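**Q** take this sequence and fold it.
(chains A and B)
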Amino acid sequence: KQEVTQIPAALSVPEGENLVLNCSFTDSAIYNLQWFRQDPGKGLTSLLLIQSSQREQTSGRLNASLDKSSGRSTLYIAASQPGDSATYLCAVRPRFVSGAGSYQLTFGKGTKLSVIP
Amino acid sequence: GAVVSQHPSWVICKSGTSVKIECRSLDFQATTMFWYRQFPKQSLMLMATSNEGSKATYEQGVEKDKFLINHASLTLSTLTVTSAHPEDSSFYICSAPLIETSVSTDTQYFGPGTRLTVL
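**A** Below is the predicted model:
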């Protein structure tokens, strides 16, 4: 059974710092990995999606890397801003699963980020 | 981009009552939708897979008679929490995959969630 772990559970940084969030997964047979942002009491906003054949994806100040063989992904946030404060979730989609089950995501518990002005 | 909506966004009910939550894909058709539950400071846990025109598939430990799922159309799935109890209080989120075969990609879109509080 796939397990996704995110470290740290919470992180507080001063504005302007670069930071790295970590995600690890136990089963490397993944189709893709996705990073989401969740604001308090809100739904999920997709940030970056990395296919299993890719090693990284970039969007603005965000860069996500994937090392499938070691079961790790990192989300790098450059020049952090107070507006980046949120919980960041990573989720993996399984490979070698047929039908609707192939779209099921396994989530980590998230890293709660606070960027202090 | 594709949008998935949920209604209501929050609901408070008395113990023993039933609550229906709607999940709609607004600009695409979804033969499959997923229902997740999220407890405070916990991850999203998949409850069930909603299949248009057929029975839902429930994850282990989720009572199908308590969490009734109906996927009556290609744009609507409903989750009914029957005889709700305080332990059912949680954040319920649905998602729907958008499959774009023309570009061989797909991604999932999530609803904004429904906060259920059972008194």
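**Q** quick check: phi and psi on residue B:54?
**A** Per-residue torsions, residue B:54: phi -150, psi 180 (degrees, to the nearest 10).
**Q** what is the burial count for the nearest residue to it once chain neighbours are set aside?
**A** In space, and not counting its chain neighbours, residue B:54 is closest to residue B:71: 7.9 Å by Cβ to Cβ, 6 or more residues apart in numbering or on different chains. Using the backbone N, CA and C atoms, a C-beta is placed for each residue, glycine as well. By the measure other Cβ atoms under 10 Å in any protein chain shown, the count of residues near residue B:71 is 22.
**Q** give the buried residues for whatever helix or strand residue B:71 lives in.
**A** Here residue B:71 sits within strand B:67-73, counting by DSSP states H and E. Across strand B:67-73, burial judged by 16 or more other Cβ atoms under 10 Å in any protein chain shown covers B:67, B:68, B:69, B:71.
**Q** and those, which is closest to chain A?
**A** residue B:71 (10.9 Å; Cβ to the nearest Cβ).
**Q** for that closest one, what are its contacts?
**A** Residues counted as contacts of residue B:71 (Cβ atoms under 8 Å, 6 or more residues apart in numbering or on different chains) are B:33, B:50, B:51, B:52, B:53, B:54, B:56, B:77, B:78.
**Q** where's it relative to residue A:53, distance?
**A** To residue A:53, residue B:71 is 32 Å away according to Cβ to Cβ, to the nearest Å.
**Q** re the thing from before, mind saving the C-alpha coords of the next helix or strand after the strand holding residue B:71 as PDB?
**A** Sequence order places strand B:76-81 as the next helix or strand after strand B:67-73, per DSSP H and E. Coordinates of each C-alpha in strand B:76-81 appear next as PDB, following Å, rounded to 0.1, in the frame of the first residue of the first chain:
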ATOM      1  CA  LEU B  76     -23.100  15.600 -10.800                       C
ATOM      2  CA  SER B  77     -22.300  13.300  -8.000                       C
ATOM      3  CA  THR B  78     -23.900  13.500  -4.600                       C
ATOM      4  CA  LEU B  79     -22.700  12.200  -1.200                       C
ATOM      5  CA  THR B  80     -25.400  11.800   1.500                       C
ATOM      6  CA  VAL B  81     -24.300  11.300   5.100                       C
END
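**Q** who does strand B:76-81 pair up with?
**A** According to DSSP bridges, strand B:76-81 forms sheet pairs with strand B:19-25 (antiparallel), strand B:67-73 (antiparallel).
**Q** for residue B:86, which of the ones you listed is the nearest?
**A** Closest of the strands paired with strand B:76-81 to residue B:86 is strand B:19-25, at 12.9 Å (criterion: Cβ to Cβ).
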